[in-house]
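Student: sharing a model prediction with you, sequence too.
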Amino acid sequence: MARLELRNLHAEVAEGDEKILEGVDLEVESGEIHALMGPNGSGKSTTAKVIAGHPAYEVTEGEVLLHLDDDEFGDEVEIDEDQRTWDLLDLEPNERAALGVFLGFQYPAEIEGVTMTNFLRTALNAKIEEREELFEEDEGEEAEGDEGYETSPMEGPADDGEVGVAEFQQLLQEKMEQLDMDEKFAQRYLNAGFSGGEKKQNEVLQAAILEPSIAVLDEIDSGLDIDRLQDVSNGINALRDNVGTGILQITHYQRILDYVEPDHVHIMLDGQVVKSGDASLAEELEDKGYDWVRDEVYGAA
Amino acid sequence: MSSEQDHLKETDTEARFEFKKEQNAAVKSDKGLTEEIIRMISEDKDEPDWMLERRLRALKQYQNMPMPTDWPGQPDLSELDVQEIVPYIRPDVDKREGVDDWTELPDEIKDTFDKLGIPEAEKNALSGVGAQYESEIVYQNMQEQWEEKGVIFCNMDEAVREHPELVKEYFMTTCVPPSDNKFAALHGAVWSGGSFVYVPEDVTVEMPVQAYFRMNSEGMGQFEHTLIIAEPGSEVHYIEGCSAPKYGTHNLHSGGVEVFVKEDAHVQYSTVQNWSKNTFNLNTKRAIVEENGTMEWVSGSMGSKATMLYPCSILKGRGATDTHITIAFAGKGQNIDTGAKVYHNAPNTKSTIESKSISKDGGRTNYRGLVHIADGAENSSTAVECDALMFDNESTSDTMPYMEIEESKVDVAHEATVGKIGDEDIFYLQSRGLDDDDAKKMIVAGFIEPITEELPIEYAVELNRLIELEMEGSLG
């Protein structure tokens, strides 16, 4: 189990002083589904990027904490007392990923020349390796040896503890079947020439492979037709049910919440979470829009 | 596997390239360029008079031609002093044309090529391999099955003796005459070594033929000549690899490549070169392509202080096709000026140019291209795509695509992109667990993928590895 906790988070654009987040409080626990809703420009995407460590934003105040329980990395791992809570703001984006935080992008990058298979296997192995380093006792700097002539970025032999090519192929095939993805995907270049829907499906596939404890999915429902919306939703539900991932679902619309039923719904306005409730809150928004929330929040102030 | 081979596998790429051997030359010319030196080279090679005459004529042309100075953005050649270059070093190998048994090579040469992985490459599915050390081919071997089909693969000096009629007809006459440019003239005067490849009609050489050029001595020039004749309907893939360790003084590499692609023939010419950062790399490479012939240039240009290289195809016959895929990498203090030239001189000819460049730490890459479509070359098409990737704000990349179109019924496309390596791309990969360095490496590996996929696996691996080392800044 893991718990992501945002405390009084303030952030602004790193180049310039435009304030975007003005004290966000939020908690997401493994196995829960949270919907984060709000009008354009309210700070939802920024919240997601700050959690993952995007360099374009500077955190000026507050904390992003990740609390880990013993069962986080399997039964046999015992997490030391002083490693149960991590301040993500001190960590590089790849270290946050290694601890089990995943960001599903609204507009994922297209990387030419890098096949899905190569990328995902590299990512999975990088995560395993980074995790070992993070939890290793400080035994002094370990000299990084040269990987040698035979290891190429194209297809190196698996080192100890790495997921090998054959093993990975099988894992990938399994996950793609679950998401109803064409097997040709495996050899396509990462997001290059993917349709909007394929990109979203690909984000969920990556989460399924990397098995995060917390996944922040940024408008994963935008630009999807109804069939694809169902595939993507099934993938998200499977993440929660099979992996136990805690999901923070950022969305404008009720539509995806018909398929991915949230335990909690939060409304963001002007860089703050102003109202939280259960699934019925999203339905209320669908009927009435955001103005009544604005009236309620500012009217009462 | 012997322990020596084990050891070699453990040697990293950087050490392998920087490895220097004490030289043990049989013959070494003086520095500079005089008629006396040309005569000495020719005599040492036991050349017929007609070749000596061609050399002397080329020398005169060289002396009468100015250095190229007025090209926009061209590399600075002011530090290149040809009078300080040693143009000719014959290593101490008993048989003049080199040996065909690896074990007969002198230890210092064998060690050098062993470290570069040459014998290993040969074992891995090559139909023939030649290795040049300094000015001479020291090892040459061709699989018997190809010899039986009449394929000739020998060193250029041997070709002058054994196949004089072919050499007289094709050597620096119609394809790259010495009058072409100053360095072609220089090459014509002092050329030594290189490969001669002849593929008879309708013979397909399925496995690549390889040559490796190693410049080992300080302050030397290497001037190998490659002549490929692919008779009608034949097919061959020739690969060259080049390298030199780094020294304090400048080296000069000025090779000449001539390719004759006859009707319906298909030649692929691939280069992976990694010169040391003190080498001036000034080459002339050209192909003449007859009716329905296909020429493919694939090149990865790494290293060197300055490179000026524009492989050229002359599409002479109707329906001739040309493909260029090039990649250049420039780091600190380097200027890689490279590109492609295509002359469409017949109808229905087609060319595709894909150029990629990477620059970092103040390095400079130029794409310099010329596509000429002659009047009457109707229904010809050309597509040029240049992509530049820059790591930082200090690096420079220029694209200079010249198009000379004299025919109206043609299809011309040009596309260029220049970009800094994208923060969003890096962040995306980082968010999936890759650290900053690995993310950059993955983006660059993807960027050069069109090249690596055209190369045999050993070369593809080597190219990727070299680029990784360049990115870490660990190659001198």
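Tutor: Structure's in. What do you need? Just so it is clear, the model here is predicted, and its values are computed rather than measured.
Student: excluding chain neighbours, what is closest to residue 66?
Tutor: You didn't pick a chain, so chain A it is. A:Trp86 (4.7 Å; CB to CB, 6 or more residues apart in numbering or on different chains). Heads up, the C-betas are built off the backbone N, CA and C, glycines and all.
Student: that answer is for a different chain, and I need it for chain B
Tutor: The spatially closest residue to B:Pro66, leaving aside those adjacent along the chain, is B:Lys182, at 7.1 Å (CB to CB, 6+ apart).
Student: picking up where we left off before, tell me the contacts of the residue nearest to A:Leu66?
Tutor: Shown in contact with A:Trp86 (CB atoms under 8 Å, 6 or more residues apart in numbering or on different chains): A:65-66, A:68, A:99.
Student: if we can go back for a sec, per-residue pLDDT of the residue nearest to B:Pro66, please?
Tutor: Per-residue confidence for B:Lys182 comes out at a pLDDT of 93.
Student: how many residues are close by it?
Tutor: Here the neighbour count serves as a burial measure; for B:Lys182 (other CB atoms under 10 Å in any protein chain shown) it reads 21.
Student: I'd assumed B:Gln63 was in contact with it.
Tutor: No. Counting by CB atoms under 8 Å, B:Lys182 does not reach B:Gln63; the two are 9.7 Å apart.
Student: one step back: turn the contacts of A:Trp86 into JSON lines, columns for neighbour count, pLDDT and secondary structure.
Tutor: Output for those, formatted as JSON lines (neighbours: other CB atoms under 10 Å in any protein chain shown; pLDDT from 0 to 100; DSSP: H, G, I helix; E, B strand; the rest coil):
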{"residue": "A:Leu65", "neighbour count": "15", "pLDDT": "97", "secondary structure": "strand"}
{"residue": "A:Leu66", "neighbour count": "22", "pLDDT": "96", "secondary structure": "strand"}
{"residue": "A:Leu68", "neighbour count": "21", "pLDDT": "92", "secondary structure": "strand"}
{"residue": "A:Leu99", "neighbour count": "23", "pLDDT": "95", "secondary structure": "coil"}
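Student: tell me where the longest helix sits in chain A.
Tutor: Ranked by number of residues, the top helix in chain A under DSSP state H is helix A:116-135.
Student: how far does it sit from the chain's center?
Tutor: Between the mean C-alpha point of helix A:116-135 and the mean C-alpha point of its chain there is a distance of 15 Å (CA atoms, centre = their mean, to the nearest Å).
Student: on the C-terminal side of it, identify the next helix or strand.
Tutor: On the C-terminal side of helix A:116-135, the nearest following helix or strand under DSSP states H and E is helix A:165-178.
Student: next SSE downstream of that next one?
Tutor: Beyond helix A:165-178 on the C-terminal side, the first helix or strand identified by DSSP H and E is helix A:196-210.
Student: that following helix versus helix A:116-135: what angle between them?
Tutor: Between the axes of helix A:196-210 and helix A:116-135, defined by axes from the mean of the first three to the mean of the last three CA atoms, to 10 degrees, the angle is 40 degrees.
Student: following element in sequence after helix A:196-210, please.
Tutor: According to DSSP H and E, the helix or strand after helix A:196-210 is strand A:214-218.
Student: identify the residues contacting that next one?
Tutor: Outside strand A:214-218, the residues that touch it by CB under 8 Å, 6+ apart are A:2, A:4, A:28, A:30, A:44-45, A:47-48, A:51-52, A:66, A:100-106, A:203-204, A:207, A:236, A:239, A:245-250.
Student: same thing but at 6 Å, please
Tutor: The list of residues contacting strand A:214-218 from outside it, by CB atoms under 6 Å, 6 or more residues apart in numbering or on different chains, reads A:2, A:4, A:28, A:45, A:48, A:51, A:101-104, A:106, A:207, A:245-250.
Student: is chain B contacted by stretch A:100-114?
Tutor: Yes. Stretch A:100-114 is in contact with chain B by CB under 6 Å from any CB of the partner chain, via A:103, A:109, A:111-114.
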